[in-house]
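Peer 1: For reference, the sequence and a predicted model appear below.
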Amino acid sequence: LITEPHNLAHLAEQFAAIGTRLGRHEQGQALRQRFSRRLAELSARYRREPPLRVFYQIWDVPLYTIGGRQIISDALRVCGGENVFAELDLPAPQVSVEAVLQRDPEVILGGSGAQLEAWRIWPHLTAVARKQLWQVPDKGLERPSFQMLEATERLCQQLAKAR
């Protein structure tokens, strides 16, 4: 069984599929239901109109982000955010600084404080002007498993501060 979920709902379905494959149908269904129920609660709690524009930086040299079909992009949506590079299909596309500046994110999430500090040279960037440069709150966002639910909740709590 090879799985590669592109969104959190698909991840929940995979818990059920894996349970069935392992002869543990009821346990897989229970995991799917627990995950889906909590995901719906998070989405209802943190949804916002309009969505918060977010740049999720994976690496700085060269500059990499996440594409729209990447599961982290879905976690951003659940939290009321919108990946500023959602139109890109690649899981981890390389982008230019100019492209980020053009999209003018309201929040920039990065892997380290040093990566985030580099954005301060553009004080006109909305995320910089509003002091919304944050480290990714939980590396569990990068591992599609049940732990991603708690990681998504921490992401939602962090993005809620940007209201």
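Peer 2: Noted; the coordinates are in hand. Numbers count the residues shown, from 1 in each chain.
Peer 1: Now the top strand by length along the chain - C-alpha only, CSV.
Peer 2: Taking DSSP state E as the criterion, the chain has its longest strand at strand 52-59. Provided in CSV are the C-alpha atoms of strand 52-59 (Å, rounded to 0.1, in the frame of the first residue of the first chain):
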residue,chain,number,x,y,z
LEU,A,52,-4.9,35.2,5.6
ARG,A,53,-2.2,35.3,2.9
VAL,A,54,0.7,33.1,4.0
PHE,A,55,4.1,32.3,2.6
TYR,A,56,5.5,29.0,4.0
GLN,A,57,9.2,29.0,3.5
ILE,A,58,10.9,25.6,3.4
TRP,A,59,14.4,26.7,2.7
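Peer 1: Report the next helix or strand after it in sequence order.
Peer 2: Next helix or strand after strand 52-59 toward the C-terminus (DSSP states H and E): strand 64-65.
Peer 1: What helices and strands are in contact with that next one?
Peer 2: The helices and strands touching strand 64-65, judged by 3 or more Cβ pairs under 8 Å, 6 or more residues apart in numbering; DSSP states H and E, are strand 52-59. Bear in mind the C-beta positions are built from the backbone N, C-alpha and C, glycine included.
Peer 1: Break the protein into its domains for me.
Peer 2: 8-46, 52-160 (automatic domain parsing).
Peer 1: tell me the most buried of those?
Peer 2: domain 52-160 (a mean of 18; mean count of other Cβ atoms under 10 Å).
Peer 1: tell me how far the ends of it are from each other?
Peer 2: One end of domain 52-160 to the other measures 10 Å (Cα to Cα, to the nearest Å).
Peer 1: That domain: how far from the chain's middle?
Peer 2: 7 Å (Cα atoms, centre = their mean, to the nearest Å).
Peer 1: got it, and stretch 5-24?
Peer 2: On Cα atoms, centre = their mean, the centre of stretch 5-24 falls 20 Å from that of its chain.
Peer 1: Numbering from 39 from now on, please.
Peer 2: Taking 39 as the first residue, the last one we looked at is stretch 43-62.
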